[in-house]
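Peer 1: sequence plus the predicted model coming up.
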Amino acid sequence: MTVQEVIQALGAEVIVEGNSQREVLSGYTCDLLSEVIAKAVPGTAWATIQTHVNIVAVAAMVGAAVVVICEGRKCEPDAVEHAVKENLTIVSSRDSAYTVSGKLYALGLR
Amino acid sequence: MSLEESVEALRYLGLFSNLDASSIMSTRLYALHPQDRVAQARAVMRENSISGVPIVDEQFHLVGLISVSKIIEALADGRLADSVDSVMTRAVVSLQANDSFETVLSYFERYKFGRFPVVGEDGRLVGMITDTDVLSAIIRSFYSVYVHDQRRTLTLGSFADLSKEFENSSDFAYDIRSSGLTNAGEGSARLKAFLQSKGYAESVVRRASVCAYEAEINVCIHAAGKGSLRAIARDNEIIVRVEDEGPGIENIDLAMQEGWSTATDAIRELGFGAGMGLPNIRRFSDHLVIISGKDKPTKVEMIFLVDKE
C-alpha cells in the first residue's frame, strides 16, 4: 500500500507532499519521541499529536513513510520547511490518534 | 602502568579534574598545640586510630606534626611528659587546599608519608589527607562513570588509547550548535547519511544513529545545545562519541533508569524528557562509557559492532 493510498483511506489533509508512491509497511502511534525512535520501523505510518520541527528528525531517523498528525493539529512552519528538505510526507487528520490507528489497522497495516 | 603514567592518563581524561585537595581531605581534625604533652599525642592517636597528629599554634597555623615513630622514640627515651614541641617534626610537608588531584598523588609517591596536612592560603590547617581519603575520593568519583560492558570495566586503561584516537582524527565530525530544539537531530541525521554512504548494514546504521540522536537531544535539552558528535568508522565497528560542555549528570545511576529525567515540563510537552534517552542508548549500543559529574562536561562513547546481528 502506498502513502497516497493511505492518505486517501484516512481522508487526511496533505501538509507536505514527499514521496507519495512510497510503500507503507506498518503503523505506529506514540508521542514520546524516544519511544518512537526506539520502536518504530522503516516504512511505518506514524500517528502523533506532536507538531514541532523535531518530528521530522525522528521520522527521518526511523525512516517513516508518512507522519499523520492527529486531532486536526497544524504543523509548525519550521517543521514544514524541514519536511520539504527531507522529502517527508506529513498529513493532518481530524481524527484522534486512536481512530487514526484503528483506520490504519483496518487497512491491514500491523 | 606506573603511578606516574596513571596520573598522566587521569590528567588526560580529566577523570578526576574536579578533585582538589580540599575535596579529598577529611576535615574532622585532631590537632594539638606545641605546649601539649607527648602523652596526649599518644592518647589522641590511640583513641582515634590515627598515625599522626598535626600541631598548630593559637591561630591554627600549622607548625609541626607528630607521628607514631616520634611517639615510639619518645617512649624509648622516657619523654612522654615533655611538650610535643620538643619531639615534633617542624619541616612538615603539607598540601595547599587547591592543589590538584595529581599533585596529591605525586606527594604520596615522592615522600612516602602516610598523611599530609592541608593548609589554606593563610597557612591555617584546614584538613588532613591519608591514602584512605584518596581512595574514598576516587570511589566517590567513580559514581559518575558509567561503563556498560564488563570487558571495558576490566580494561579501562584501553579507554585512554581510544580517547586519544578521537583526539587525532575522526571519520565524521559535527559541531552541535543548537538553540532550543530547532536543529536538534541534525548531527545524527548527517551521521546516518554518512554511515549509509559507507555501506554499513541497515541495522547497525539504525542503532548508531538512534543512539547518536538520543545523545544529541540530551546535549540540546541539558547542555545548552553546545557540543560535538564524532564517529570513527571501522570495518568491524562504529565508535560514536558525543561530548558537551556541561552542566553534567550528577547521578548517572539515576539517569540510566528508564523514566527518570530532569527535563522541564515544556520539554516534556514536546515529547522529549521521558527518561528514555540513556536507557535507549544502553539498549542499542554494544559498549557504552559515560563520564560525567555535577558541573562537569559529559562524554558519551558508544561502540556498535558491525556483525553483531
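Peer 2: Sure thing, it's come through.
Peer 1: and chain A, which of its residues are near chain B?
Peer 2: A:31-35, A:37-38, A:42, A:48, A:50, A:52-55, A:57-58, A:60-62, A:78 (Cβ under 8 Å from any Cβ of the partner chain). Heads up, the C-betas are built off the backbone N, CA and C, glycines and all.
Peer 1: just the buried residues of the residues you listed.
Peer 2: Buried members of these, counted by 16 or more other Cβ atoms under 10 Å in any protein chain shown: A:31-34, A:37-38, A:48, A:50, A:52-55, A:57-58, A:60-62.
Peer 1: separation between B:Phe108 and chain A?
Peer 2: 45 Å (Cβ to the nearest Cβ, to the nearest Å).
Peer 1: which strand or helix spans that residue?
Peer 2: helix B:101-111 (DSSP states H and E).
Peer 1: nearest spatial neighbour of the residue of chain B at minimum distance from chain A, chain-adjacent residues omitted?
Peer 2: Residue of chain B nearest chain A, by Cβ to the nearest Cβ: B:Gly185 (2.9 Å). Spatial nearest neighbour of B:Gly185, chain neighbours left out: A:Ala57 (2.9 Å); criterion: Cβ to Cβ, 6 or more residues apart in numbering or on different chains.
Peer 1: confirm B:Val63 sits in a strand?
Peer 2: Yes. Judged by DSSP: H, G, I helix; E, B strand; the rest coil, B:Val63 forms part of a strand.
Peer 1: which other helices and strands contact the helix or strand that contains A:Val68?
Peer 2: In this structure, A:Val68 sits in strand A:66-69 according to DSSP H and E. With contacts taken as 3 or more Cβ pairs under 8 Å, 6 or more residues apart in numbering or on different chains; DSSP states H and E, strand A:66-69 sits against helix A:3-10, strand A:44-48, helix A:54-62, strand A:89-92.
Peer 1: immediately after it, which helix or strand?
Peer 2: Defined by DSSP H and E, the subsequent element after strand A:66-69 is helix A:77-86.
Peer 1: can I get that following helix as PDB, trimmed to CA atoms?
Peer 2: The C-alpha trace of helix A:77-86 is given here as PDB (Å, rounded to 0.1, in the frame of the first residue of the first chain):
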ATOM      1  CA  PRO A  77       6.200  26.300   9.900                       C
ATOM      2  CA  ASP A  78       9.800  25.200  10.500                       C
ATOM      3  CA  ALA A  79       8.600  21.600  10.600                       C
ATOM      4  CA  VAL A  80       7.100  22.000   7.200                       C
ATOM      5  CA  GLU A  81      10.300  23.600   5.900                       C
ATOM      6  CA  HIS A  82      12.400  20.600   7.200                       C
ATOM      7  CA  ALA A  83      10.000  18.000   5.900                       C
ATOM      8  CA  VAL A  84      10.300  19.500   2.400                       C
ATOM      9  CA  LYS A  85      14.000  19.200   2.600                       C
ATOM     10  CA  GLU A  86      13.700  15.600   3.800                       C
END
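Peer 1: kind regards, and thank you for your time.
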